[in-house]
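Chemist: Mind looking at a prediction? Sequence and model below.
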Amino acid sequence: MLYRPRSMKMYGIPALEANNGFTNAQSLLNVVETLLNILYLYLAHVVAWPPASLIGFTSASLTLSKTILYWAQEYYCGFCGIGHNTVSDLLIYWIIPNGLWIVVPTVIVAQLGKDLTQSLNFAAKASANAKLIAKKK
């Protein structure tokens, strides 16, 4: 077999028979992540709600965390789901595609985190200025 995505210990009939809950838990988080992505797009681009960045930041953080979890799981199980591949197959079919799920969310988290920090700094300065104006009265 050229490539077998994920270990059959985590997915498929053996996982179901072993009552392995990882697949169901992963699927539940995928649904939450997708709903957050849709909510972010709606709030940011339809409603133009300024705090929408927080929803986007949370969703991208979830994507990033889940992907790191998948990589960590492979490492800690001795590469039980991907270790049968050659280095070139692993690079082409697992590392590059899954690596994108680390790189893209990282860029999004960095940008939205920067936006959130700027908004919080602006709000803090505005609050401090309002207090100064109130004291002058």
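Modeler: Thanks, I have the structure now.

Chemist: lowest-confidence helix or strand of the protein?
Modeler: helix 12-17 (a mean of 72; mean pLDDT, DSSP states H and E).

Chemist: Show the subsequent helix or strand relative to that helix.
Modeler: helix 22-45 (DSSP states H and E).

Chemist: Quick one: residues in contact with stretch 56-76.
Modeler: 10, 26, 29-30, 32-33, 36-37, 40, 44, 80-82, 98, 101-102, 105-106, 108-109, 112-113, 116 (C-beta atoms under 8 Å, 6 or more residues apart in numbering). Glycine gets a C-beta too; all of them are placed from N, C-alpha and C.

Chemist: If you count residues, where's the longest helix of this protein?
Modeler: helix 96-136 (DSSP state H).

Chemist: residue with max distance from the center of the chain?
Modeler: Lys137 (48.2 Å; C-alpha atoms, centre = their mean).

Chemist: Could you report the pLDDT at it?
Modeler: In this model, Lys137 is scored at 74, pLDDT.

Chemist: And Ser127, by the same measure?
Modeler: 90.

Chemist: How many residues are close by it?
Modeler: Applying other C-beta atoms under 10 Å, we find 10 residues neighbouring Ser127.

Chemist: how close does it get to Asn121?
Modeler: 11 Å (C-beta to C-beta, to the nearest Å).

Chemist: for stretch 119-131, the distance to its chain's centre please.
Modeler: On the basis of C-alpha atoms, centre = their mean, to the nearest Å, stretch 119-131 sits 30 Å off its chain's mean C-alpha point.

Chemist: shaky segments in the chain?
Modeler: 1-12 (pLDDT under 70).

Chemist: if you set the cut-off to 50 instead, what comes out?
Modeler: Flagging of the chain using pLDDT under 50 yields the residue ranges 1-3, 6-8.

Chemist: Can you turn the buried part of the contacts of stretch 56-76 into a PyMOL selection?
Modeler: Here is the PyMOL command that selects the buried residues among these (16 or more other C-beta atoms under 10 Å):
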select buried, resi 10+33+36+37+40+44+81+82+101+105+108+109+112
